[in-house]
Structures are given as structure tokens and as C-alpha cells.
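K.L.:
Task: produce atomic coordinates for the following.
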Amino acid sequence: MVTANAASLAVFLGEKVLLIRRARAPFEGFWSLPGGRIEPGETPAECAIREIGEEMGLRVADIRPVSQITAGNPHEPFRLQVFATRKFAGEPHPSDEVADWGWYVPEDAGNFATTPGLGHVLDKARAIVALLDGTGAGQSDPRD
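P.N.:
Next comes the predicted model:
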């Protein structure tokens, strides 16, 4: 596998996942998962944890790898490592990097202009968190 140069995180709340509409390039105006470029000396997991904190003000735990995808300019592509979790603390407070956000069922992504491959990534992420639940399906709001 090629080394990732960016990371993102699918945060699930029950059956819904946190999606953001990007306010900056790359992919300005597109819906996606929170994430960004890996900084020097940072692992992909550390990047995903940092980015969700910076972009949405959330603290996360128990993140699990989902897949690695390639997107963007073919000459300088993003090799994005995607993670997923249900374990988070705090309330979403978007930074200026986020034009809009919301909790959506993964199927809703088909109604938006999204970053490449988002629907497939969300399907895989949902399967990963379902396995962690031990149910093979989503769970209720973990804050109940």
C-alpha cells in the first residue's frame, strides 16, 4: 500500500454520519468527511484525530481504519487514509474550513455533490462500526 498523505474520519452517531461541506480548496463546496493533509512526523491516525478537532471541535477515540483512496489531481494525488468511529465527545463547532455540516444517513450522500468515492467509503465505514457494535447494524445515540 502506498503511504497516505492525508486522512479523514467518519464519525457515526446512531445510523448517521457527520458530513461537512468544504469551505476551501481542494474540493471547495463538496460534501465530504472531515480531514486533511498529514503533517511531518504525524501518522495518518494522528492526522484524522487532529483534523476532526480542528474542523469540528470534537474529541474522538477508538478510530479504526476503513480504506485508503486516491483523489484529486493525478499528478499530485491525495492518498487518503479513512478511519471510522462512534466514540466522540463534545458538540460540533465548525471552523471556517467548514461551509456547512450535518448528521446524515450514508444514503443521503447521493443527494449532494461529494468528494470522489464518498458513497463507497461510507458503506465501508458503516460496516466497520457495525462490526465493532457486534450487531452487524447501527446502534442508538451513544450519549443516551
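K.L.:
so how far is residue 24 from the nearest residue to residue 45 once chain neighbours are set aside?
P.N.:
Leaving aside its sequence neighbours, residue 45 sits nearest to residue 63 (Cβ to Cβ, 6 or more residues apart in numbering; 6.0 Å). C-beta coordinates here come from the backbone N, C-alpha and C atoms, glycine included. Per Cβ to Cβ, to the nearest Å, residue 63 is found 23 Å from residue 24.
K.L.:
and these two? which has more neighbours close in?
P.N.:
A count of neighbours by other Cβ atoms under 10 Å puts residue 63 above the other of residue 63 and residue 24, at 22 against 12.
K.L.:
Using the three-state scheme, assign residue 132.
P.N.:
Here residue 132 is recorded as helix under DSSP: H, G, I helix; E, B strand; the rest coil.
K.L.:
Cross-check the contact I'm expecting between it and residue 61.
P.N.:
No. Under the criterion of Cβ atoms under 8 Å, residue 132 makes no contact with residue 61, lying 11.8 Å away.
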